[in-house]
Structure formats: structure tokens, C-alpha cells
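K.L.:
Okay, structure incoming, though there's no sequence with it:
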């Protein structure tokens, strides 16, 4: 029981710490837990805009070239270094940005944790300077959430009018010529999904109640993300599918790529969460990435041994959170350095999603692979103790 | 007198187009092309109406055809366009590369290679060279394009050409660029390169004596070397004392698949289909390509609406703009196709790659191309049997009862015998009967080489196959090789080879000391004897050989089975079963009698338990032993006096693999039952482990059913007692109906 208490406590700790109140000059200001992309990387966007002399599509904050540079990173002519937001194939980002220049909607598909939402947020931040026009798709997302709702007090008092209308983020994006984001499109019930069809093909949102409509201004587009692996998804109708350009975000190709992704994200998250721990040793990150990759693909990295795969997706995003919770443990309960014991509980939590089957898979993996590997003894012992 | 050097990109449609323009402007009175002078006499065939690229020049050493080189030409190859231009305008054309008579003589002989490896002669790039310098030497213009930021050197070229009016100037610029490039890269050249360039220069010198305006078409890399003429003496030194060998040349049909990198062909183009498109499409390259893609997708029942095509073109163009390229190349088009038309999936992309980007085009050569008689015979037969050689994979279902199909089957079997795997015999499923053959056909251009090398065996396919088979038969040392060959020869219908083979088989069988080989030879022969009629083969000779074989097996078997260890006994057990079913199939009473005699003899000898157990069982199945006799023998074999392993092996041999049979065959059940019931309690306990060893191999449900059956007690379903009250008249009344149901005539 004591183990469970410990794991249950860990996520709470950083939150308490980061939402800490800061007193500056007598006034109380709250710092944000998580900043929007355009806030966090505002200076990069500014620097890019300075050197960006290329042609911009109407209502874009910067040129398509600058958008890709913002996402993929690089050194500008004036010596400013732009950090990479997406580590992976350059052509994927190029296709995504080029799609938006053609006023087509963009659909990012991939297994969970392949940076779909991350890419969508950063693209809209770079293109429109605003990544907040967001509709979160759930099984309960209604048509009102996508089109518009009503302020019923005004509706009853004044009758239907533009003032009584509550616009959705999508509607606002159309009016302002910005980019609307639809997260988890496939979670939305199929009939509600199809509301998007008219908006995507006619670029207009009819309001029959007022005998009126909202026409999209130039610069408007939609980035949707969808997941093709999870349970409980509603497939897109082919009519809707045809209106999107589809880009598949793959899992990281090599260990090196994945280690870099985890390392970078952990660093920037650690900074944001103000964890007092040292940044994790590369070796520790690499171990976690190897474990994730091996369990995900069902084969060891040397290609010699087959292993069972657990039911969990084991995405890169989860690897990041394992390192992060390990860091938090190390910071608050350990000596501030990431040890294998700090990772173990997070690791087990990430792998074992089904208490019966996954436990067997994990035990087998521990005994056959982790135990045998040189220099992994500490991790093996730590995981054994946790089980 | 003036010499104009045109440095081109091999298989580059852009080069081809500019070269054609440049030649028309220049109006030369002689055209010299980088290529093998050995093939000069074949050049006029290029303008024959039936000549359809892609084709390749094949140069080979007549007595060793595997020593060969190919010079492939596609319709978009600049060399081909230059030759074509010269031939149609009555301008003398000539190849000027170092003759293959020298190059092939120089190459180390690799006689042990069964199939020729296509080596590229045009660029002479060794297949395994991957160094940067080599790559640049092979495709310098492609690399210049890459340096300029293009994914595809062709698009760069096109872009460059489109902006220039005067194509002659363009080639001067290339010459300049190449000179700079050659100056920069280190000269790690093999002597053969220097010799080739020296030979080209001496050809140009010779031509300049009789012609005024000479156009020289060569790979861009060579152009600087040909532009500067060193003293004649230096070249003569390089070319002195070259070895020489006799070579022959011919045109062979080629495919785009062979031109592509993916088939392991060292120097080719990645996307011949795309280049073909670039060459044949006058304008709107991007749009026409997307339309072709859409048509392909629609053929496969995949959605591709016009609206989506528009979007795909727009995406491709904005991708190109994003990458600062003025034109969308193949990379952009593919990415746009995948994102818009394929919904991100890469499966349709594979189809597009195979069918469009590489393409399946197969060339054609005119009938009067020099061919060895064997080739001509094949072409004739292909025409007669309406079986064109195609690159796409195709299945052919042959009904051997039809004469045409039978001949096709013969042809395919003969070619297979010669090592030309045009057709691959598939296992027929579903269709019962031996008169069906399912083939998968796919023609490979290299088959021509095998065909040429088979020319020594004869002038027609059947003659060549027969003498080839005779040759193998003469050299074969082991019986199994002969029987396998016999099967092939029978399928290929080669009566001349057959009689020879039979004689060989008989002599080999007579001296064969290994009874296992004889046993392995029997089953295929009995198959032929039993089912040979469909193929109209003469089975009399086969039956003669079979008689001899059966006799020898019956004599030699007891000796061969003596003192075998367990592994050898298990192997023999399998053979015993095969031979038994073969002899049963023959239904020859003499053979059966002698076979049963030898089995009885063996079941009594103290052989390895598994053998004698199986012999006993085979005799029981054949009705030679009745249930009581078998039970007696079982008791005998399992007596406590015997060594337990021996007894266990006996039971294994007797019952192996027949758990289900035991349940349904009353006779077998009774044998076992009566034996078990007469055992005393103690003996049974003692024997139980031995029985377990066999019974544990039966599946769980089988064992359960056996248990249930034992529980029910001694229920004897004695089938043999049924005929006691048999009513002949009632039975006769049913027969017409049964005959009607079975579709046979009732007399």
C-alpha cells in the first residue's frame, strides 16, 4: 500500500510547487502553469518576423518558410538560434504548412503521443499568432460547441439576434481569419463531425435562425488531430475525409531522435515547473527510451529477442512524463539527482495499464531483458522492489 | 572542320530534348555516340517500325554467353535520340567507345556464375562502388542539380533548359561546368577509363579526316576529355597491345523495371516511368501526372475525384514554392498525392511507385534482329501458342486435355528444364485431377542470355531441352537425380531424352547399392505409370523400369533394414510407407505378392521394433493377417522377455499416427482390445509405460473417445457379418439411381 501512496502523491507535488505565489512589489501575481506556444516562444516568433522578408499569404503573421523554420528550428541570418519544436522528418512539416497555404484543412493522424496536438498548436501560433481557438473533441461534443450556442437570457428577452448568439472558437476563427484547432476529431460523434463539412468546403457558417451567415475571412483554416489506435473512436465519414489533407505523424524513427525529443521536452518542462532537480543524465533518458521502444515494437533493439508487448501505447509523450515524475521524486524526496529508483514507479505505471496481463509482460521483460543487461542492475532491483 | 561535344546525362529526358534541338540546329554531317563500335552493324535496325524501346544492346562472347554487357536505351535516352536523328536524316552515325572486344577480353572470366549480372557498360561503374567521387562521375549533372537545391536532377535540367533559347550554348556551359568539376574531384580513375577516352579521341580524329561538322554525344563526365585533344601519340601508347576477343551483338527487349535502381541494377534511373512521362508530355507535366495517378487509383477502385486532383496539384505547387523551387518535382507530387488522394496511407503509394514511377513497359525488337536459332524458335512458338512474353505477373490455368494447352505446358516445362524460369508451376488447389496446371508467368529480360547460352544444345527448344537432359543424365551419379529428371522430362514431353534416361535409370538402378535411393525413386515412377495417360506419354518403358525397381527393393529391403539405429529406422519407416502406397497404387498382383512376402519375412525377423511393428500393421491393413494373428504377434512382440525399448518401438511402429483410425477401424480396435484383455494384471502394469509412449502422441480428444469406448464395453460392430442376409434384388434396384447421382453410365 505504501508504494501506491507514493506514486499517487507524486503528480500532485509539482503542481503545488509551480502554482506558487510570487510577491512582486506588493502585488500578488499568479504565474501560469502552462503558457501557450505563442507566449512561451514569443521571442522566437518576434526574431523570425524580423528577418522574414518572404511573401506572406493573406492574414498570416509570417511566411510559410518562417513557419517551417519555427517548427523545425535553425539558425537565422542574424545569428539567432530557433529551437526545434518538432524533431523528425522535415517533409512532414513542409506538407502541413503547404496545406494551410492552399486553404485546405489539415488532418494530423497518428498513434497517441506522436506530437499531433503539439504540432497543431505551434503551427497555429506561428501562422495566426494565436493557438487558443480550440475545440476539444469528446464523446459529448455537441453541434453548438462547433457552430454556435445561444445566450438564453438574451434570447428570451430580445428574441434571436447576433447579440444573443454565443460564437464557438471555430466561428471566431472564421471571423478573424485565424486557425481553428479541433483536437481528437475522431472522438466526436459522427453526426456532429459532419457539421464541419459545410465549413470546410463552402468556408461559410450559415445561421438559419437569423437568416444570416458568417463567412470566413482569408487566413482561416482548420487543423484537426485524430487518433487511429485508441478505443472508442468514430471513423471519419469519407465526405469529411475528402476535405482534409492527411498527414501521418510517425513514431520517432531512431533511438537518437527519441532520446533528443524526451531530453528537450523534459528540460523545458522542468524549467516551466521550476523543479529543483538537476537535468536528467542522458544515460537515464536513453534507458527509458530503450525500454519504451522495445516494449512497443515487441523486439529488443539488437533485433535478437522477441518480447511481448503490453496493452499500453507507450508513446514518447509517456516517456517524457515518466522522466518528469522521476525528476519530481528526486527533487522532493531524493537528493536531487535522478536515480533508477525514482524512475521505477513511473515506469511501472506507464507500462502496466492492465493489472493482470501487463504485469506478466513487464515481469517477463524485467527477468529476461533488464536483468541480463550490463549496467542495468540498479534499475532491475528498483523495479523488482516496486512490484 | 569542327567538332561539337555534347555532354549529356544518361537516360535524361531533358538532355534528350535539348540534344535533339541542338542537333537540328547544328545539322552535323556525322554523329559519334559513346557506345560499343562492335554493335555498329546493328544500328540501322533502330529505325525499323517494330523497334519499340526500351531495348538493350547485348554484347556477348559467343562461346561463353554469360560474359556479356548490356547497353539499355529508353525512348528518353539522349543516345537513342541522337542515333535516331542521324539514321532518319541519313547522317552517318557511329559508336566510338572502346570496343567490347577489348573490354570483355580484359574482364576476369567468371565461368562459375550461372546467371549473368547486368553490368553497366555505358558508365562502367562497378556495382559496389559507393564512394562520392564515383557517384559524381556517374551522374555529374544530377549532382549539380542537387547542389542547386532540386530533389531531381531532371527537373533542374528542365528548368535550366526552359530558360535558355540557344541549346548549343547550353552544351558549351556543361562542358565548362564539367571541366571545373573534373578539376576539383581527385582523379582516382582506373586505366580502363583513360583507355576509353583515348579510344574516343582517336575515333574523333579519324572521323575529322572525312567529315566537316561532327557531333559527339557522350556522358557529361567525358566531355572535357574529348574537347582537349592531346597529341595522337599519347593515345596510341594507351591503346597499344589491348587484349581482344570475338564478341557478338544483338538487340534484346528491355524493361523499365530493369532500368530502375530497385532491381539491383547498378547504373540506372530511379524513376523511368516518370522520365517517360517527362519525355512524352508536351506541357502541363504536373497536371497530367496527377491525372495518370488518379486513373490508376480508379482502376483499383480507390476514390480519386476531380476536386481532389485540383487540391493535389495545388498542394504540390505550394510545396514547391515553400522549398523555393519553381516547379513541382516528383517528390512534391508524391507527397501531395499521399496527403490528398491516399489519406496519408502509403499502400496506394507503393502501387503508384510500381505502376507509374517505375512502370512496366517492355520493349520490342524487330523480327530481323540477329538471333540465334533457339531464340527464333522460341519467338515462333510464343506466337503460335499465343503466349506473349510479358513483364507483368500473370497466372495461366492450363487444361491439359486441350491440345493447345498441352503444348503450352510442354514449352514451359522445357524452358524450366533449360533453366529459364519464365513460368513457375503453382500448386493447384481445389481442382482435383491431374489434368490441371497452374502457372505464374513473368518474363525477365535476362532470359535471353540463358537462351543464348543454351544455344549449344540445339536449334529448337525441344531439341535443346532433350540434349540438355541427356547430358545431365549422363553426368548424374545418383538415382534420385535421375528420377527427378525423369519426372521433368516426362512433363516436358521429350521422347528422345526419355528413352535415353530410362536406359540410364535402369543401369543406375542395377548397380545402385543404396536401397533407400531405389525406394525414393519408386513413388514418382508409379505416379507416372498410373496417371501418365493424360500426357499421352509412353508408359511401357516406365513399367519396365518399375518392375525392376520393385524386384530389387523386395530383395534388398530385409538386408537394408537390419541393424538400424533409431534415427535410421524412423527414416526407413517413412520410406516403407511411401513404397507401400506406391505398390498398392500400381495394383499389380505380382508386385503385391512379393511385397507382402517380404513384409511377412521382415515382421518375423528381429529388426528394429518400429520397422517390424509397421510391417505387421501394413499386412493387417492389406488383409494378410487377420485380427487374431495380429493380436498374437502383438503379444509376442510385447512379451516381457523382450527388451522394453524394443517393445515400445514395436507399438510405436504399429500404431503411429493412427489414433483416429484406431477409433473407427474395428479390426484394429479388436486386435488391441483382445490383446489387452488377455493380459494379467501384473503384466499390464509392467507394460503400461511402453503403451503410454505411443498413446501419449494421440491427441487429447482421441484419447478421451478411446476411454469412452472402452467404458461402453465390448460392443462389437462386426461389419463382416452383414452379408449374411444380403438381398441382391433390392440392391440392384438402387444401382441406376446411384449411377445417375454419380454421373456414370449404368449398364
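P.N.:
Yep, it's here. Keep in mind that this is a model prediction, so the values were computed, not measured.
K.L.:
Can you give the distance from stretch A:377-387 to the centre of its chain?
P.N.:
31 Å (CA atoms, centre = their mean, to the nearest Å).
K.L.:
Residue A:302 - how many residues pack around it?
P.N.:
Neighbours of residue A:302 under the rule other CB atoms under 10 Å in any protein chain shown: 7. Bear in mind the C-beta positions are built from the backbone N, C-alpha and C, glycine included.
K.L.:
pretty sure it is in a helix, no?
P.N.:
No. Going by DSSP: H, G, I helix; E, B strand; the rest coil, the assignment for residue A:302 is coil, not a helix.
K.L.:
now the closest residue to chain A within the stretch 301-450 of chain B: how far from residue A:107?
P.N.:
Residue of the stretch 301-450 of chain B nearest chain A, by CB to the nearest CB: residue B:344 (3.5 Å). According to CB to CB, to the nearest Å, residue B:344 and residue A:107 sit 8 Å apart.
K.L.:
any shared contact partners between these two?
P.N.:
Common neighbours of residue B:344 and residue A:107 are listed as A:246, A:247 (criterion: CB atoms under 8 Å, 6 or more residues apart in numbering or on different chains).
K.L.:
Between the two, point out the one with more neighbours.
P.N.:
residue A:107 (28 against 21).
K.L.:
Which is the succeeding secondary structure element to the host helix or strand of the more buried one?
P.N.:
Using DSSP states H and E, residue A:107 sits in strand A:105-110. Sequence-wise, the next helix or strand downstream of strand A:105-110 (DSSP H and E) is helix A:116-128.
K.L.:
Can you name every helix or strand that whichever helix or strand comes after that following helix contacts?
P.N.:
On the C-terminal side of helix A:116-128, the nearest following helix or strand under DSSP H and E is strand A:134-136. Counting contacts by 3 or more CB pairs under 8 Å, 6 or more residues apart in numbering or on different chains; DSSP states H and E, strand A:134-136 is packed against helix A:169-176, strand A:179-183.
K.L.:
go with 10 Å
P.N.:
helix A:116-128, helix A:143-146, helix A:169-176, strand A:179-183 (3 or more CB pairs under 10 Å, 6 or more residues apart in numbering or on different chains; DSSP states H and E).
K.L.:
avg pLDDT for the last one?
P.N.:
It refers to strand A:179-183. Regarding strand A:179-183, the rounded mean pLDDT is 94.
K.L.:
Same question for the longest one.
P.N.:
Confidence for helix A:116-128, expressed as mean pLDDT, is 92.
K.L.:
and if you look at the second one?
P.N.:
The pLDDT scores in helix A:143-146 average 90.
K.L.:
remind me which residues of the stretch 301-450 of chain B are low pLDDT?
P.N.:
The stretch 301-450 of chain B contains residues with pLDDT under 70 at B:428-434.
K.L.:
let's go with 50 and repeat that
P.N.:
For the stretch 301-450 of chain B, applying pLDDT under 50 flags no range at all.
K.L.:
what does it have sitting close to chain A?
P.N.:
B:303, B:305, B:307-308, B:310-324, B:331-332, B:334-336, B:338-346 (CB under 10 Å from any CB of the partner chain).
K.L.:
same thing but 8 Å
P.N.:
Proximity of the stretch 301-450 of chain B to chain A (CB under 8 Å from any CB of the partner chain) is limited to residues B:303, B:305, B:307-308, B:311, B:314-315, B:318-319, B:321-324, B:331, B:335-336, B:339-340, B:342-345.
K.L.:
Next, count neighbours for residue B:287.
P.N.:
Based on other CB under 10 Å, the number of other residues close to residue B:287 is 15.
K.L.:
Make sure it is actually in contact with residue B:314.
P.N.:
No. Between residue B:287 and residue B:314 there is no contact under CB atoms under 8 Å: 10.8 Å.
K.L.:
With adjacent residues omitted, what lies nearest to whatever residue of the stretch 151-300 of chain A ends up closest to chain B?
P.N.:
As assessed by CB to the nearest CB, chain B sits closest to residue A:246 within the stretch 151-300 of chain A, at 3.5 Å. Spatially, and ignoring its direct neighbours in sequence, residue A:246 is nearest to residue B:344 (3.5 Å; CB to CB, 6 or more residues apart in numbering or on different chains).
K.L.:
tell me the secondary structure for that neighbour?
P.N.:
coil.
K.L.:
show me what contacts it?
P.N.:
The contact partners of residue B:344, by CB under 8 Å, 6+ apart, come to A:107, A:109, A:246, A:247, A:248, B:338.
K.L.:
same question, residue B:86
P.N.:
With contacts defined as CB under 8 Å, 6+ apart, residue B:86 is in contact with B:31, B:92, B:93.
K.L.:
Please identify the helix or strand for it.
P.N.:
Short version, using DSSP H and E: residue B:86 is in helix B:78-88.
K.L.:
What of residue B:459?
P.N.:
Applying DSSP H and E, one finds residue B:459 in no helix or strand.
K.L.:
That one: neighbour count?
P.N.:
12.
K.L.:
Kindly report the same for the one 5 residues further on.
P.N.:
Taking other CB under 10 Å as the criterion, the count of residues near residue B:464 is 24.
K.L.:
Just the pLDDT for it.
P.N.:
pLDDT recorded at residue B:464 is 85.
K.L.:
what's the burial count for residue B:257?
P.N.:
23.
K.L.:
so what's it up against?
P.N.:
B:263, B:358, B:359, B:360, B:391.
K.L.:
Could you tell me how far the third one is located from residue B:341?
P.N.:
Residue B:359 sits 19 Å away from residue B:341, going by CB to CB.
K.L.:
At the contact with chain B, which residues of chain A appear?
P.N.:
Proximity of chain A to chain B, by CB under 8 Å from any CB, involves residues A:64-65, A:68, A:91, A:94-95, A:97-99, A:101-102, A:104, A:107, A:109, A:238, A:241-242, A:245-248.
K.L.:
tell me the secondary structure for the residue of the stretch 1-150 of chain B found nearest chain A?
P.N.:
Nearest to chain A, among the residues of the stretch 1-150 of chain B, is residue B:149, at 13.1 Å (CB to the nearest CB). Classification of residue B:149 using three-state DSSP returns coil.
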